[in-house]
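A.B. asks: show me the folded form of this:
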Amino acid sequence: MGEQDLNLSIRNEIAESRSEAVKMRTETVLEIDKLSKKYDECEALRDVSFSVNKGELVVILGPSGSGKSTLLMCIAGFVKPDSGSIILNGTKINDVPPYRRNVGVVFQSMALFPNMNVFDNIAYPLKIRKVAKDEIKKRVEKMLEIVGLSGLGGRRITQLSGGQQQRVAIARTLVFEPSILLLDEPLGALDRKLREEMQGEIKKIHDRVGATTLLVTHDQEEAMTMGDRILVINGGMIEQMGTPEEIYNHPKTLFVSEFIGTTNVFKGVATKEGGKTVFKAEEGFILPLEKEAKGEGHVSIKAEHIKILENRPKGDAFVLEAKVAQNFFSGNFIKYEIDLNGTIFRVIDRDP
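C.D. replies: Residues are numbered from 1 along each chain as shown. So this is what the prediction gives:
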């Protein structure tokens, strides 16, 4: 078995494992039904409906201004929707104040108390709920162990790294056992290396605790890495919801196709030619289609699905002759811009 076959096999196993895990979680914790919110004339949310099952980590992904943070703030109770329902564990909570919703929220700023040590920061939600001291000590020590901060309870927040502070924020939110955990761009303030490390840490914490989680991000890689399912939102509306594999490989809308990954999108007409279905692009070239199609539409080709060859291969492989306009070395892959009679194709070679 070659390296490409092995990589494909591993990806398939991961996809199947993640798909099975999603299917096993059937108890609905959160249900959003036709939620809408306007700010003056701006529609932040429009008839948003979806559900989250117990133990799932669902990522809300979208560009800036898409409505993802507004959606999270409505669920938390900090923003009141104009219409629609928010149902948590079978109970409509639209009119329930934030502090009575049993919802945990972690913001990008983390909002930790610098005048308190790590232990007291994590213990704070339990103290205001008047939990007994012995129980507080037990729960906080357990959370410190879960988030990998055992022995650091006496440290000041200012003595911690950014990643450690983020773990404290998550521990403080989980310690009172909320029905759902909401993370609003939790890694946005961290540098790239630390952000990648914390993606894995948050996923580990989630898998260990089993907390039902909604995480907001604009970062595609973060969404693909962390989510059991991804909800893609744009202009206040849901474009698609599915597993990372479904979102990446089977986009249902033009926006999802263009937003996820590096993609070449062309407008044209699908028709029959010589007994075969082809796509005639407006740019003048023709592409073969594997599936039956007819009429106007778009074709989307991921950049890594295009191969660059120096010589025309033998056989009936579909080939277009073009020129390499530019290339960009990026370490473990190379990006190309290919010029086909004035039309630019973007290509990614992951095996340079």
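A.B. asks: contacting residues around stretch 123-130?
C.D. replies: If you take Cβ atoms under 8 Å, 6 or more residues apart in numbering as the criterion, stretch 123-130 is touched by 113, 116, 135-136, 139-140, 172-173, 175-176. For glycine as for every other residue, the C-beta is placed from the backbone atoms N, C-alpha and C.
A.B. asks: what about 10 Å?
C.D. replies: 99, 104, 112-113, 116-117, 120, 131-133, 135-137, 139-140, 143, 153, 171-178 (Cβ atoms under 10 Å, 6 or more residues apart in numbering).
A.B. asks: which of the residues you listed are buried?
C.D. replies: 104, 112, 117, 120, 131, 136, 139-140, 143, 153, 171-176, 178 (16 or more other Cβ atoms under 10 Å).
A.B. asks: how near is the residue nearest to Thr262 when sequence neighbours are not counted to Phe329?
C.D. replies: In this structure, Thr262 finds its nearest non-sequential neighbour in Ala303, 4.0 Å apart by Cβ to Cβ, 6 or more residues apart in numbering. For Ala303, the distance to Phe329 equals 15 Å [Cβ to Cβ, to the nearest Å].
A.B. asks: Val58 too?
C.D. replies: Applying Cβ to Cβ to Val58 and Phe329 gives a distance of 36 Å.
A.B. asks: one step back: Ala303 and Phe329: who's more crowded?
C.D. replies: Set Ala303 next to Phe329 and count neighbours by other Cβ atoms under 10 Å: Ala303 wins out with 19 against 9.
A.B. asks: am I right that the more buried one is in contact with Phe328?
C.D. replies: No. Counting by Cβ atoms under 10 Å, Ala303 does not reach Phe328; the two are 11.8 Å apart.
A.B. asks: identify the contacts common to those two.
C.D. replies: By Cβ under 10 Å, 6+ apart, the residues touching both Ala303 and Phe328 are 335-336, 348.
A.B. asks: got those residues as TSV, with distance to His298, pLDDT and neighbour count columns?
C.D. replies: What follows is the shared contacts of Ala303 and Phe328, written out as TSV (distance: Cβ to Cβ, whole Å; pLDDT from 0 to 100; neighbours: other Cβ atoms under 10 Å):
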residue	distance to His298	pLDDT	neighbour count
Lys335	22	95	15
Tyr336	22	94	19
Ile348	20	94	18
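A.B. asks: inside strands: which ones of those?
C.D. replies: Under the assignment DSSP state E, those contribute 335-336, 348 to strands.
A.B. asks: of those residues, closest to Asp47?
C.D. replies: Nearest to Asp47 among these, counting by Cβ to Cβ, is Ile348 at 36.2 Å.
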